[in-house]
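A.B. asks: Kindly return the folded structure for what I paste below:
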Amino acid sequence: MTITLHETRVRSVLDRLFGAAGADDNFDAPRDVVRTGSAQERADALAGVYMPISARGGELLYGLVRSGRPETVVEFGTSFGISTLYLAAAVADNGRGHVYGTEMSAVKVAAARKNLDEAGLGGVVTILPGDARQTGTSASRSPSRTAWRSAAVRERITHGS
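C.D. replies: Predicted structure coming up:
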């Protein structure tokens with residue numbers, strides 16, 4: 001049985017990202033923007049912060065996707081793609097499915113795509129840039145099969161619940 005998480009190219013990307021995320025504690029975000037800024041202003045101000053899932057949490061995500069074998073996996077807040085790598089590895093190992101992520105920071109969208117491609121998993125992931133409340137509703141009108149086809153998900157993200 002293939003376990004993509006154990007492949008050298010995936011492990012090296014995860015190791016590099018976890019290493020970089022260690023600097024999150026030293027990041028000094030502008031407090032006024034974080035407290036009172038719009039969602040986009042906060043995303044831009046925190047563009048250098050990884051906010052990663054733990055390795056154990058990532059392994060849990062991997063196991064849940066492997067056992068549930070969903071066709072569609074939705075992630076809100078892709079960041080640099082650490083959790084996305086675990087989700088994508090599970091989808092790849094299942095031999096079916098696709099991961100859809102959203103991210104407001106253009107810097108993080110570009111970095112996550114690069115990280116996923118470097119790990120060889122970019123083909124099973126689509127990252128939608130922008131606010132999920134807008135990106136999701138515009139994607140729901142698309143004829144392609146996306147993570148937004150569920151009316152319940154669209155309703156919740158449109159109304160911010």
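A.B. asks: can you pull out the helices in this structure?
C.D. replies: 8-21, 31-36, 39-45, 55-68, 82-94, 106-118, 132-140, 151-158 (DSSP state H).
A.B. asks: And those: which comes nearest Y100?
C.D. replies: helix 132-140 (8.2 Å; Cβ to Cβ). C-beta coordinates here come from the backbone N, C-alpha and C atoms, glycine included.
A.B. asks: which residues does the residue nearest the centre of the chain contact?
C.D. replies: The residue lying closest to the centre of the chain (Cα atoms, centre = their mean) is T78, at 2.5 Å. The contact partners of T78, taken as Cβ atoms under 8 Å, 6 or more residues apart in numbering, are 84, 101-103, 108-109, 112, 127.
A.B. asks: Please spell out the ChimeraX selection for the buried subset of those residues.
C.D. replies: Buried subset of these, written as a ChimeraX selection, criterion 16 or more other Cβ atoms under 10 Å:
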select :84,101,102,103,108,109,112,127
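A.B. asks: Using CSV, lay out the contacts of T78 together with distance to I53 and pLDDT.
C.D. replies: CSV is the format used below for the contacts of T78 (distance: Cβ to Cβ, whole Å; pLDDT from 0 to 100):
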residue, distance to I53, pLDDT
T84, 10, 97
G101, 13, 93
T102, 16, 93
E103, 15, 94
K108, 15, 95
V109, 18, 96
A112, 13, 97
I127, 16, 94
